[in-house]
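[1] build me a structure from this.
(one chain, ligands or ions: 1)
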Amino acid sequence: MTNNAFPDGFLWGGALAANQVEGAYRKGGKGLTTVDLMPTGEKRKAIMKGFVPSLEPLEGEFYPSHEAIDFYHHYQSDIALFAEMGFKALRISIAWSRIFPTGEEEAPNEEGLRFYDDLFDTLKKYDIEPVVTLAHFDVPVHLVEKFGSWRSREVVGLFEHYAKTVFQRYQDKVKYWITFNEINMLLHLPFTGAGLTFQENDNVKQIQYQAAHHQLIASALAVKACHEIIPDAQIGCMLAAGMFYPHSCNPADVKLAMDRDRESFFFIDVQARGYYPSYAQRFFKENNISLVTNPGDEKILASHTVDYLGISYYSSRTISSDPEVMRQSTSGNVFGSANNPYVKKSEWGWTIDPLGFRITMNQLYDRYQKPLFVVENGLGAMDNPDENGNIEDDYRIEYLREHIQAMGEAIEDGVPILGYTSWAPIDLVSASTGEMKKRYGYIYVDRDNQGNGTNTRSKKKSFDWYKKVIATNGRDL
Ligand code: BGP
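    Numbering: from 1, shown residues only. I've put the predicted structure just below:
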């Protein structure tokens, strides 16, 4: 990478999600959302897959999202710290159930709208551009109860109403939008991604792809509304990206890697190109999936494609046709991955593969020719304060340095990239485990897995490092 890889105006910053930071889960008129039903440990794992014991929080369980890191009351001082690092952008999500507590109201909850008004005004004060996700792993629980969440077409109209409401309200404050966070996650963690719940004998794939169709239509309708209401805004999709390597040059492995990549591309093929990919038909047939669609759906998808591709990238994956190789696979990766002897792994078993990041970005741009926006990338690690109470997170700096370098290389390969919002600038609740000890931040939060602690914020070593990266526009890593 040369010294000037990153263009002027590159949007350096960080990324958060409402349910992982805000807390205040019943304050300000907020309704219950799907994540508010997720405790930690084995119970969380089953719930994320759609086996949900109750649609109310249970006595005696600990639910990390209920208080999270109390960003709801700390956002002003937290944003001041982000500004100190020189952030140009902050990605957040709006909690749908703060605006429409049940998801079905005609009129929005003014207190919820005001909370985000104040948050955007605080960002404006520091010249930080908000990048806003409409749905980051949350659905009002009432919609799960009444409609089965995204399995029902009803939810499309309700989401469209929510999207239009926030576009109207924040049209002068927000110019970068994202429809669904990691839309492909609904295949792997269906309750997390789409609020889907299952019974024993359900045809899970049928339900997932029907829900996917509804999200794709809802996403296209949100793109339409955004373009109409805020003509100078850009709105993107968001993919949990990371390519599959074939474990060997056995063509059977290569074919499997292609199939697994297509599982994810499927969504972006529709959102970026505007139609279902040619391979979908055979896939649907072989899996007994028959989609219920409305007349006019094809036109909606074709007419409202996204402006850019938001991506998260943490790791690459590896796939083998040999069951023995897969049996020795790494457990931590939600996508399921064989061991790759050429790359390192994080404490949670996620591969650390910056070259895979560069390849993935090239692959996506070759396929879609739309600008990318890296809206998540980072290292979850156990941070232990030293004897002076400092956190010397050199491992995090190394991870980020290598990935930012890979991004610079991709830009020089010819891939346009709008910005980089690392996950996450401040410690927060982990989406997959609900733990606090899986930390990502430049800023440490004094809070443990059981919710004990003072919530005090302190800077880690990476804080000054990232500040320098931004100040030099990526020249000094
Ligand atoms: C992505 C999500 C984020 C986030 C991140 C890290 O899948 O969009 O919400 O949490 O991954 O994952 P985890 O929190 O499980 O370590």
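[2] would you say D118 is within a strand?
    No: per DSSP: H, G, I helix; E, B strand; the rest coil, D118 lies outside any strand segment and is helix.
[3] next, the distance between the ends of stretch 142-154.
    Stretch 142-154 stretches 13 Å from its first residue to its last (CA to CA, to the nearest Å).
[4] contacts for it, please.
    31-32, 34, 55, 101-104, 139, 155, 158, 186, 194-197, 207, 210-211, 214-215, 292, 294 (CB atoms under 8 Å, 6 or more residues apart in numbering). In short, each C-beta sits where N, CA and C put it, glycine included.
[5] report the buried members of those residues.
    Taking 16 or more other CB atoms under 10 Å as the criterion, what is buried in the contacts of stretch 142-154 is 31-32, 34, 101, 103-104, 139, 155, 158, 186, 194-197, 207, 210-211, 214-215.
[6] nearest spatial neighbour of F191, skipping sequence neighbours?
    With CB to CB, 6 or more residues apart in numbering as the criterion, F191 has its nearest non-adjacent residue at 4.7 Å, and that residue is G50.
[7] same question, T122
    Per CB to CB, 6+ apart, closest to T122 is I79, 5.0 Å.
[8] so the one you found sits right up against K124, yeah?
    No: using CB atoms under 8 Å, I79 is not in contact with K124, being 10.3 Å away.
[9] which one of those two has more residues nearby?
    Comparing I79 with K124 by other CB atoms under 10 Å, the one with more neighbours is I79, at 20 against 13.
[10] for the residue nearest to F191, grab phi and psi.
    When read as degrees, to the nearest 10, the backbone of G50 gives phi 110, psi 10.
[11] and for it, the neighbour number?
    23.
[12] quick one, what contacts it?
    Applying CB under 8 Å, 6+ apart to G50 gives the contacts P190, F191, L196, T197, F198, V204.
[13] show residues contacting the lowest-mean-pLDDT helix or strand in the chain.
    Lowest by mean pLDDT, DSSP states H and E among the helices and strands of the chain is helix 323-327, with a mean of 88. Outside helix 323-327, the residues that touch it by CB under 8 Å, 6+ apart are H247, I319, S320, G336, A338, N339.
[14] now the second one, which residues is it bridged with?
    The one in question is I319. Applying DSSP bridges to I319 gives these bridge partners: P246.
[15] doesn't F335 make contact with it?
    No: here I319 does not reach F335: they are 9.1 Å apart, not a contact under CB under 8 Å.
[16] which among the contacts of helix 323-327 end up buried?
    Among those, those classed as buried by 16+ other CB under 10 Å are H247, I319, S320, A338, N339.
[17] how far away is the residue lying closest to the third one once chain neighbours are set aside from Q208?
    Nearest non-adjacent residue to S320, counting by CB to CB, 6+ apart: H247, 3.6 Å away. Remark: distance between H247 and Q208 (CB to CB, to the nearest Å) = 26 Å.
[18] for the protein, longest helix please?
    helix 204-229 (DSSP state H).
[19] chain center to the helix or strand following it, what's the gap?
    Downstream of helix 204-229, the next assigned helix or strand under DSSP states H and E is strand 234-241. Here strand 234-241 is found 9 Å from its chain centre; the criterion is CA atoms, centre = their mean, to the nearest Å.
[20] what mean pLDDT does strand 234-241 get?
    Averaging pLDDT along strand 234-241 yields 98.
[21] partners of that strand in the sheet?
    Strand 234-241 sits in its sheet next to strand 176-180 (parallel), strand 308-313 (parallel), going by DSSP bridges.
[22] can you count the residues close to L291?
    L291, neighbours per other CB under 10 Å, totals 14.
[23] got a list of what it touches?
    Residues in contact with L291, defined by CB under 8 Å, 6+ apart, are Y209, Q210, H213, F284.
[24] just to check, the second one is in contact with V292?
    Pointing back at Q210 there. Yes: contact criterion CB under 8 Å: Q210 and V292 qualify, at 6.5 Å.
[25] filtering the contacts of stretch 142-154 by proximity to the ligand, which remain?
    Near the ligand, judged by CB under 6 Å from any ligand atom, there are no entries from the contacts of stretch 142-154.
[26] among those, which are located in helices?
    Using DSSP H, the subset of the contacts of stretch 142-154 located in helices is V155, L158, A194, I207, Q210, A211, H214, Q215.
[27] show me how far stretch 4-17 is from its chain's centre.
    On CA atoms, centre = their mean, the centre of stretch 4-17 falls 17 Å from the chain's centre.
[28] likewise stretch 231-244?
    Its chain's C-alpha centre and that of stretch 231-244 lie 10 Å apart, by CA atoms, centre = their mean.
[29] same deal with stretch 346-355?
    On CA atoms, centre = their mean, the centre of stretch 346-355 falls 18 Å from that of its chain.
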